[in-house]
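# Take this sequence and fold it.
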Amino acid sequence: MSPEQHPTPISDKDLSSDEKSRRRLESTGYFSHLDLHFAAFMERLDGRGQADIFLAAALVSRCNRAGHVCADLTVYAGQKIPGVGDIGCPALKDWLKLLENSPVVGRPEEFKPLILDHGQRLYLQRYWKYENLLARALLNRAAKAPFVDPAGVRANLARLFPDQSPSLEVNWQKVAAAVAACKGFCVISGGPGTGKTTTIARIMALLLSLEPGLAGRIALAAPTGKAADRMGAAIRQAKLNMDCPEEVRRHIPEAAATIHRLLGTIPDSPYFRHHSENPLPVSLAIVDEASMVDLALLAKLVQALPDEARLILVGDRNQLASVEAGAVLGDICGPADQNLFSKDFADYLDQITGSPLSACAIAPWDNTLGDCIVRLQHNYRFPGDGSFAAVGGAIRQGDGQAAFEALLSADSAVLTRQPLPPPADLERELTATVIGEYCSGLAGSDPRTALLGLNRFRLLCALREGPYGVVAINRLVEKILYKAGLISSPGGWYAGRLIMVTANDYHLRLFNGDIGMALPDPLENSELRVFFQGGDGLLRKFHPARLTAHETAFAVTVHKSQGSEYDGVLLLLPAHDAPVLTRELVYTGLTRARSHAAVWTDEAVFQSAVSRRVERFSGLGNGFWQVK
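Now for the predicted structure:
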């Protein structure tokens, strides 16, 4: 919303009594029916006929739907509502006075439908509760220092993290393990290829060596079933190459669950079986892909952990935030993009890791949380001077021009850019890529081999709708494959159809993001069955009619690709700029690739996307880092 000099505040007649104004607000699409019904309810409870209460409540509801935890009134005060030129928000001072005197608005710790904090942020009551609960819980854990024998930590770190790269001044994986041992809370952030899963496995070996009582009391979790399967498979692989006693290796868990499943979902209820009164029977919880976890879910997980349990969050702070409200990992990691520790803790880490941390930058703040955060910086997959590193670094910095220039000069075997074709030419331009990447997976009849083949590559889209959205691109892929004789139908169910589950089904144990493939089943008279491979490597099959929410998945949105990796990706950005195009989206799309990626985009759209970042209203970061 762009500022205006003299917006007209909403009058009582406009919103309290005049249905025409309500319909005008509704017709713009800026507010949903839910926003307006909630606002009308708050206005009735307020009982004073104040239209600006209506508007404040509608904005809170809209912000929550858009992924914000709250509405920052300083952003909206004195501005117009898009599409309704003469209806606008009041001046901040007047608005705050009105809200402070409203019976439906409370101050922090009061039990009112809406909460106004001291930073002029307005919350739905439950989201204020989630944010406050999470902030207190994490700060309490960050302040705890579980007793560990420094000599034991030093000896185990030396064995588990041998210094294999003399060129590295600091082995940040080793530092992360030391922090996890010495703190009740730890965050490990790093991009793909920085060794996050390897570090997780070695942390478990370290802690089991120091505390044998942890055996059987470690929980591995991720926000989606797909991410949980990948986490388990990666830990199984990492265990093979660790220098640790066989007894320790045997007790490192391999099975990861979704956070919902770990907490114990209650059907048709927002509550879980495990909570503060019935905590999880664990002493260590590790959550992978933490950037995808929303505020409410992480608050409920923290509430369900015993007070003495360690919590480790692992993820990439530069990726897209959760679909639901909050950007929790980014809020926790704070403003710095480098490792900063307090002087005393840096000296302690020096002693037990042998790394010269005290020579690194010392934190300019006195913040207990800062000592719990480690950023993995060395990329073992892509060299520091390589194409992916150059483009990714420029994207993270928000430098669209530098990112585009790095893209143009990248090694063509690794990273390529092509101008976006017009919609009429998409079929011709995509044909060679689609047939080349998908034909091997469609050629065989063995489900495991076919799934492996089809999951080596993915088309990634920024949008769902439009000529460059996943709906249109999936239809186009099916058309190409049908014309090439690789599938028997350009739509519906056919042998070779790749699908993605789009909602959790706890009865079938299929979860949002799970990928399956339809193939003839020789055990069922060659009728089609949809095959899924779990993280344990076992295949499961279902009749297509048993599946609930799902969609074709030769192309998926970047959001849906989170938690996945492919050998190669083709990222399609649309022809015109849109608010959803951000540096986090571009970065997430490109970093799904293990070895090669292509980007089809126009220069202006690419640079605009990289220059824009996801902004989510929240008080969590301010509470942790006292951001002014």
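# which stretches of the stretch 151-300 of the chain form helices?
Remark: helices assigned in the stretch 151-300 of the chain by DSSP state H, counting those that start in this stretch are 172-182, 196-210, 225-239, 246-251, 259-263, 295-304.
# Could you say which of those is packed most deeply?
Mean neighbours per residue, mean count of other Cβ atoms under 10 Å, is largest over these for helix 172-182, with a mean of 26. The C-beta positions use only the backbone N, C-alpha and C, and glycine is treated the same way.
# helices or strands up against it?
helix 150-160, strand 185-189, helix 196-210, helix 343-353, strand 373-375 (3 or more Cβ pairs under 8 Å, 6 or more residues apart in numbering; DSSP states H and E).
# Columns distance to L585 and mean pLDDT on top of those, output as a markdown table?
Formatted as a markdown table, the helices and strands packed on helix 172-182 follow (distance: least, Cβ to Cβ, whole Å; pLDDT from 0 to 100):
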| stretch | distance to L585 | mean pLDDT |
| --- | --- | --- |
| helix 150-160 | 36 | 87 |
| strand 185-189 | 18 | 92 |
| helix 196-210 | 21 | 91 |
| helix 343-353 | 35 | 85 |
| strand 373-375 | 21 | 90 |
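# Looking at the ones you listed, which is nearest to A503?
Nearest to A503, of all the helices and strands packed on helix 172-182, is helix 196-210, at 27.1 Å by Cβ to Cβ.
# helices and strands around the strand or helix carrying F388, which ones?
Applying DSSP states H and E as the criterion places F388 in helix 387-396. The elements that helix 387-396 packs onto, with contact taken as 3+ Cβ pairs under 8 Å, 6+ apart, are helix 400-408, strand 415-418, helix 583-590.
# before we move on, back to that, looking at the helices and strands packed on helix 172-182, which is nearest to L547?
Between the helices and strands packed on helix 172-182, helix 196-210 lies closest to L547; by Cβ to Cβ that is 29.9 Å.
# hang on, the earlier thing: list the buried residues in the helix holding F388.
Neighbour-count burial for helix 387-396 flags 387-392, 394-396 (criterion: 16 or more other Cβ atoms under 10 Å).
# which outside residues touch it?
191, 318, 337, 379, 382-383, 402-403, 406-407, 410-411, 414-415, 583, 586-587, 590-591, 593, 597, 610 (Cβ atoms under 8 Å, 6 or more residues apart in numbering).
# same question, stretch 470-488
Contacts for stretch 470-488 (Cβ under 8 Å, 6+ apart): 426-427, 430-431, 434-435, 438-439, 442-443, 459, 461, 463-466, 489-491, 494-497, 551-557, 572.
# From the residues you listed, which land in helices?
Taking DSSP state H as the definition of helices, those contribute 426-427, 430-431, 434-435, 438-439, 442-443.
# Which single one of those is nearest to A71?
L426 (39.6 Å).
# Let me know whether that closest one touches P467 as I believe.
Yes: with contact defined as Cβ atoms under 8 Å, L426 reaches P467; the gap is 7.0 Å.
# higher neighbour count, the two?
L426 (19 against 16; other Cβ atoms under 10 Å).
# And for that one, nearest residue in space, chain neighbours not counted?
L476 (6.1 Å; Cβ to Cβ, 6 or more residues apart in numbering).
# Now that neighbour: phi and psi?
phi -70, psi -40 (degrees, to the nearest 10).
# What distance do you get for it to E427?
The gap separating L476 from E427 is 6 Å, by Cβ to Cβ, to the nearest Å.
# what about the residue nearest to C461 when sequence neighbours are not counted, how many neighbours?
Spatial nearest neighbour of C461, chain neighbours left out: V470 (4.6 Å); criterion: Cβ to Cβ, 6+ apart. Neighbours of V470 under the rule other Cβ under 10 Å: 27.
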